[in-house]
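Student: structure, please.
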Amino acid sequence: MRKVLAFDLGGTKFAFGVVNEDGSVLGSGRVETFAEKGPQQACERVAEAAHRLLAELKLKPVDFVAIGVASPGPLDIARGCVDGSPNLPGWTGFSITDYLSNSFGGLPARIDNDCNAAALGEYRFGAGKGKKNVVYITVSTGIGGGAVIDGRLMRGSNGNAAELGHIPLTMDGPRCGCGNPGCWEVYASGTAIARRTREALAAGRASSILKFAGSIDQVTTHHLFQAMGEGDALAREIWADSINYLGRGLGAVINTFNPDVIVVGGGVTAAGDALFVPMRKSAGQYAFPRLFAVCSIVPAGLGGNVGVVGAAACAFEHVS
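Tutor: Predicted coordinates:
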């Protein structure tokens, strides 16, 4: 069975794995990115760790057909590098694919946006398997997206399509990290939910959230979930607003792509049914009924392996 070496680059961790063509992961690992120290040191350390993994598995570069890399965007696909990513300052222009290719015997290497890769991974091996039109959404620190339409990953003109977290929900509102006001991400991401919670507490709203967080500055969505479990009124109010924002964005996604399934991943999905049940209902209020009727909204199927398996899916696509 063919194998690829897959890398999932993030601002805090650089994961890697050996992945079979059926999506199974033979072995994996991770190193800290230390992104502020630049790309060279991160690529050196992840390559060294990956070589150790290959030795443990008794594999060599000649046993692989390609290398796949998933990375936050924007990307310069042709040069194999990030191009102004806010999560990777100072990395612009460094060819990650060239470095990794040279580190592993000249294997062909391909870089893709991390959410696009995750979409292809879920389409081929995860919760979207067997469907033709799959949209992947991650709701975590930010909101990202990717889309497989009619069986093909939608990359766009330069590989940066489906920046769904930057769908504008309002003309004003809080300013997003991208520089624009009112993006979906700035209302409905895990970071945004925690921010709105801290703002409410700072304004003097009573809540048991502080009992779990200790201080306003320490509040996260996890503390919100804990307070909701006690029936806390503020926590439930903020969560209801968050569900509405998530539903509005999903309605726009449904109306745009007419997907068979929207696969939702990311840290906020730890809420389980408390997220998915009301979020599906909210999305139905904003989507055209005929489009909503054929669209399922389901949890991601690949779990913590989604980045590595997604990168592998992209690599296999380019060598098939």
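Student: switch to C-alpha atoms for all contacts and neighbour counts from now on
Tutor: Fine.
Student: residues contacting S208?
Tutor: By CA atoms under 8 Å, 6 or more residues apart in numbering, the residues touching S208 are 227, 232.
Student: how far away is it from F125?
Tutor: Separation of S208 from F125 (CA to CA, to the nearest Å) stands at 41 Å.
Student: any figure for the gap between G93 and L100?
Tutor: In terms of CA to CA, G93 sits 15 Å off from L100.
Student: then C115?
Tutor: Distance from C115 to L100, by CA to CA: 21 Å.
Student: the two: who's more crowded?
Tutor: C115 (31 against 24; other CA atoms under 10 Å).
Student: list the contacts of that one.
Tutor: 70, 72, 136-138, 144-146.
Student: quick check: which element contains it?
Tutor: Taking DSSP states H and E as the criterion, C115 maps to helix 114-125.
Student: A15 now?
Tutor: Using DSSP H and E, A15 falls within strand 13-20.
Student: partners of that strand in the sheet?
Tutor: Sheet pairing of strand 13-20 (DSSP bridges) gives strand 3-9 (antiparallel), strand 25-32 (antiparallel).
Student: between helix 114-125 and the shortest one, find me the angle.
Tutor: Spelled out, that is strand 3-9. Relative orientation of strand 3-9 versus helix 114-125 (axes from the mean of the first three to the mean of the last three CA atoms, to 10 degrees): 140 degrees.
Student: for strand 3-9, list the C-alpha coordinates in PDB.
Tutor: Output of strand 3-9 as PDB, limited to C-alpha atoms (Å, rounded to 0.1, in the frame of the first residue of the first chain):
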ATOM      1  CA  LYS A   3       2.400   5.800   1.900                       C
ATOM      2  CA  VAL A   4       3.000   9.500   2.300                       C
ATOM      3  CA  LEU A   5       4.800  11.500   4.900                       C
ATOM      4  CA  ALA A   6       2.400  14.200   6.200                       C
ATOM      5  CA  PHE A   7       3.000  17.400   8.100                       C
ATOM      6  CA  ASP A   8       0.500  19.600   9.900                       C
ATOM      7  CA  LEU A   9       2.000  23.000  10.600                       C
END
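Student: got any ranges where the chain has weak pLDDT?
Tutor: 320 (pLDDT under 70).
Student: show me where it has its strands.
Tutor: 3-9, 13-20, 25-32, 66-71, 75-76, 81-82, 109-113, 134-139, 143-149, 152-153, 261-265, 296-299 (DSSP state E).
Student: and R175, how many neighbours?
Tutor: For R175, using other CA under 10 Å, the count is 13.
Student: contacting residues for it?
Tutor: R175 touches 181-183, 186, counting by CA under 8 Å, 6+ apart.
Student: in helices, which of those appear?
Tutor: V186 (DSSP state H).
Student: could you identify the most distant pair in the contacts of R175?
Tutor: P181 and V186 (8.1 Å; CA to CA).
Student: hey, what's in contact with both of these two?
Tutor: Shared contacts of P181 and V186, defined by CA under 8 Å, 6+ apart, comprise 174-175.
Student: which of those two has more neighbours?
Tutor: Set P181 next to V186 and count neighbours by other CA under 10 Å: V186 wins out with 29 against 18.
Student: from what I can see that one touches D172, true?
Tutor: No - proximity of V186 to D172 does not meet the contact threshold set by CA atoms under 8 Å, at 11.2 Å.
Student: tell me the buried residues in stretch 235-245?
Tutor: 235-236, 238-240, 242-245 (16 or more other CA atoms under 10 Å).
Student: same list (those) but as TSV, adding distance to V264.
Tutor: Formatted as TSV, those follow (distance: CA to CA, whole Å):
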residue	distance to V264
A235	22
R236	21
I238	20
W239	17
A240	18
S242	15
I243	13
N244	16
Y245	15
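Student: let's see which of the residues you listed end up in helices.
Tutor: Using DSSP H, the buried residues of stretch 235-245 in helices are 235-236, 238-240, 242-245.
Student: nearest to L164 among those residues?
Tutor: Once CA to CA is applied, the member of those that ends up nearest L164 is Y245, at 13.3 Å.
Student: with adjacent residues omitted, what lies nearest to the closest one?
Tutor: Using CA to CA, 6 or more residues apart in numbering and skipping residues adjacent in sequence, the residue nearest Y245 is A188, 5.7 Å away.
Student: report how many residues lie close to that neighbour.
Tutor: Neighbours around A188, by other CA under 10 Å: 29.
Student: OK, contacts around it?
Tutor: A188 is in contact with 139, 143, 242-243, 245-246, counting by CA under 8 Å, 6+ apart.
Student: would you mind measuring from it to S242?
Tutor: 6 Å.
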